[in-house]
Each structure stands twice: as structure tokens, then as C-alpha cells.
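# mind looking at a prediction? Sequence and model below.
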Amino acid sequence: MNLEKLRFNMIEQQIRPWDVLDPKVLDLLKVVRREQFVPAESKALAFMDIDVPLGHGVSMWQPKIEARALQALDLQPTDTVLEVGTGSGHLTTLLARLAAQVTSVEIVAELSAAAARNLATHHIGNVTLQVGDAANQWGEAEYDAIALTGSVPMIPEAYKNQLKVGGRLFAIVGDAPAMQAQLITRVAADRFETKVLFETAVAPLQNVAQPQRFVF
């Protein structure tokens, strides 16, 4: 299996055609080895345009979704980031390579432990891994960027309020099969702007608050 050829094809055939053109994102995808973050039995799936199962009902996003999220967040070297849903630690590593500090929260302790091993293997030292239920809120710190790696039926207000002014929140919002990837930017203390990026469908965040729904 020619991994470098598979990586090249992933970038050129899946990611670039999805309007991911930021050189720093494309360059990063070449050096952070995606296949090292998937279960051994799933290595053949690492470069495919599918979600890769990680166990515990959790999957790694398709490569193009990770790439679009990174591009949309437009991380700067001084940024602090909150990631909700560590998974394998692959997106965590990408975030950490672009930002100053990442806090990543995972509800499944076994996944967090596996991610810690992956981060150590890749010599990532600017990530704090925490275990807990962060579906609706995590602490009170403010961040330059927040990424929710599971879908939500609506954006938790707590996370919007944890953005610094100028901060960006990436989330996939809605109910299957119709979900939208959104970028929410806090443009002032009391004002947010929302940009719809693309349509997709991913697994929901466990325990996320559900809105009241009409019953007929």
C-alpha cells in the first residue's frame, strides 16, 4: 500500500475540490499522518471519503470535513482552542500545530487515553486532554476558536458566550439527514455572525441538549 500516493490522492481528489485552498492547511495534511490515528484494522480506510469508526459509537470525520473546519477557523499562532470530542486525536493534532494551546474534552475515557498516546507519538506538547461531558458547556474560559466534533440540533449558547470577541466556533447543526456546517463569529460582545459553509451529516454529540419540538 503506497501511503504517500493515497495521501496525495486524498488531498488532490477530495480536499482541493472542496474549496480547501489554504496552503498552511494543505501542507499540514501532508505531514500529519492520518493513518497513524485510526485503529489498526481500519488503516485501509484512513484516506477514503468516509467517516472512520473509532469504537464507542464515535467516528473520525471525513478528511474533507476536517480540512474545511481547519480552513474556516483560520487559526493563528497565538490562538487558544477548545475542541469538544477528542476522538483519535487527529483533528486535535492539526489544531495544535496551528494554534498556541488546545484544550480537548472527550466523554469516553478510553478514547482520550488512546488520543494521549497518539499525541505523545507525534510530540504534541501544547494540548490539555480532559475527560468529561462537554456537550453543552465546559468551564468558563474564553477561547479564540471552538470546534464541536459532533453535530448539535442547535448551537449551545454557552459556547457562543465562551468565544472571545473575534473568536470563531465551528459546528455542524441540525438533524439528520439535513445538517449544515456553520461558522459562528463573535463580532462584538453582544453580536454574532453566522456563515453556512456546506451541508453534511455526522453523528451527534452525546448528551447534547435537545430543543423543544412540536408534537402533532
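In hand now; what should we look at? Residues are numbered from 1 along each chain as shown.
# let me see the contact set for the residue nearest the centre of the chain.
The centroid of the chain falls nearest to T149 when counting by Cα atoms, centre = their mean (4.4 Å). T149 makes contacts with W61, E83, V84, G85, T86, G87, L91, L205, as judged by Cβ atoms under 8 Å, 6 or more residues apart in numbering. Backbone N, C-alpha and C define where each C-beta goes, glycine included.
# what do you get if the cut-off is 10 Å, keeping everything else the same?
Shown in contact with T149 (Cβ atoms under 10 Å, 6 or more residues apart in numbering): 58-61, 65-66, 69, 83-87, 91-92, 104, 106, 170-172, 202-203, 205.
# for the protein, longest helix please?
helix 109-121 (DSSP state H).
# list the helices and strands that helix packs on?
strand 52-55, helix 90-98, strand 101-106, strand 127-131 (3 or more Cβ pairs under 10 Å, 6 or more residues apart in numbering; DSSP states H and E).
# among the contacts of T149, name the ones in helices.
Those of the contacts of T149 lying in helices (DSSP H): I65, E66, A69, L91, T92.
# now restrict these to buried residues only.
Buried members of the ones in helices among the contacts of T149, counted by 16 or more other Cβ atoms under 10 Å: I65, E66, A69, L91, T92.
# from N118, how far off is G85?
15 Å (Cβ to Cβ, to the nearest Å).
# between those two, who's got more neighbours?
G85 (23 against 19; other Cβ atoms under 10 Å).
# in JSON lines, list the ones in helices among the contacts of T149 along with pLDDT and distance to E193.
Output for the ones in helices among the contacts of T149, formatted as JSON lines (pLDDT from 0 to 100; distance: Cβ to Cβ, whole Å):
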{"residue": "I65", "pLDDT": "97", "distance to E193": "21"}
{"residue": "E66", "pLDDT": "97", "distance to E193": "23"}
{"residue": "A69", "pLDDT": "98", "distance to E193": "17"}
{"residue": "L91", "pLDDT": "98", "distance to E193": "24"}
{"residue": "T92", "pLDDT": "98", "distance to E193": "26"}
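# next SSE after the longest strand seen in the chain?
In the chain, assigned by DSSP state E, the strand with the most residues is strand 163-175. Using DSSP states H and E, the helix or strand that follows strand 163-175 towards the C-terminus is strand 178-188.
# who does that following strand touch, helix- and strand-wise?
helix 63-73, strand 143-148, helix 157-161, strand 163-175, strand 191-200.
# of the ones you listed, which stretch is the most buried?
strand 143-148 (a mean of 25; mean count of other Cβ atoms under 10 Å).
# give me the sheet partners of that strand and which way each runs.
Applying DSSP bridges, strand 143-148 is found paired with strand 80-84 (parallel), strand 163-175 (parallel).
# just checking, G166 touches E193?
No. Contact criterion Cβ atoms under 10 Å: G166 and E193 do not qualify, at 11.1 Å.
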